[in-house]
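K.L.:
A structural model of the following input is requested.
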Amino acid sequence: MNWILLIIAGLFEVGFASCLGKAKETNGIISTYWMGGFFVCLTISMILLYKATQTLPIGTAYAVWTGIGAVGTVLVGIFIFKEPATFWRIFFLSTLIASIIGLKYVSSH
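P.N.:
Residues are numbered from 1 along each chain as shown. Predicted coordinates for the structure are as follows:
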């Protein structure tokens, strides 16, 4: 169950990073709404990370949480913010995903 909480926490990390990107692109009240979304996502992400670390090793949980956030944020950047999807970005993104899977595997055994 705590692995599921950790994955959801990572997805909310993607949410708060994405909200920062949208807040940067907008202004006025719309930017304020995006910042509100940032704080909501940040709070939920931190609470879920805290709950997950009650039974998971902190080093593994933190690495997986940041990895999910990094992978998700790069994908949002590519698909939403039209950032470049170069060979090397995709290559290193793939190695990051393999590392996250590896950490989960070695932490489960």
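
K.L.:
From here on, just use CA atoms for contacts and neighbour counts.
P.N.:
OK.

K.L.:
how about the helix or strand harbouring residue 69: buried residues?
P.N.:
If you go by DSSP states H and E, residue 69 is part of helix 58-79. Within helix 58-79, the residues that qualify as buried are 60-62, 64-77, counting by 16 or more other C-alpha atoms under 10 Å.

K.L.:
ok, the closest residue to residue 72 other than its chain neighbours - contacts?
P.N.:
Computed as C-alpha to C-alpha, 6 or more residues apart in numbering, the closest residue to residue 72 that is not its neighbour in sequence is residue 14, at 5.6 Å. Listed by C-alpha atoms under 8 Å, 6 or more residues apart in numbering, the contact set of residue 14 reads 68, 69, 70, 72, 73.

K.L.:
distance of residue 14 from residue 54?
P.N.:
22 Å (C-alpha to C-alpha, to the nearest Å).

K.L.:
Flag the shaky bits of this protein, pLDDT-wise.
P.N.:
Scanning the chain for pLDDT under 70 picks out 108-109.

K.L.:
what ranges do the helices span in it?
P.N.:
2-25, 28-52, 58-79, 87-108 (DSSP state H).

K.L.:
Am I right that residue 39 is in contact with residue 16?
P.N.:
Yes - using C-alpha atoms under 8 Å, residue 39 is in contact with residue 16, at 7.1 Å.

K.L.:
Of these two, which one has the most company?
P.N.:
Per other C-alpha atoms under 10 Å, whichever of residue 39 and residue 16 has more neighbours is residue 16, with 26 against 16.

K.L.:
Leaving out chain neighbours, which residue sits closest to that one?
P.N.:
residue 38 is the one closest to residue 16 (C-alpha to C-alpha, 6+ apart), at 4.3 Å.

K.L.:
Distance of the one you found relative to residue 14?
P.N.:
10 Å.

K.L.:
what's the distance between the residue nearest to residue 72 and residue 6?
P.N.:
13 Å.

K.L.:
Great, nothing more from me.
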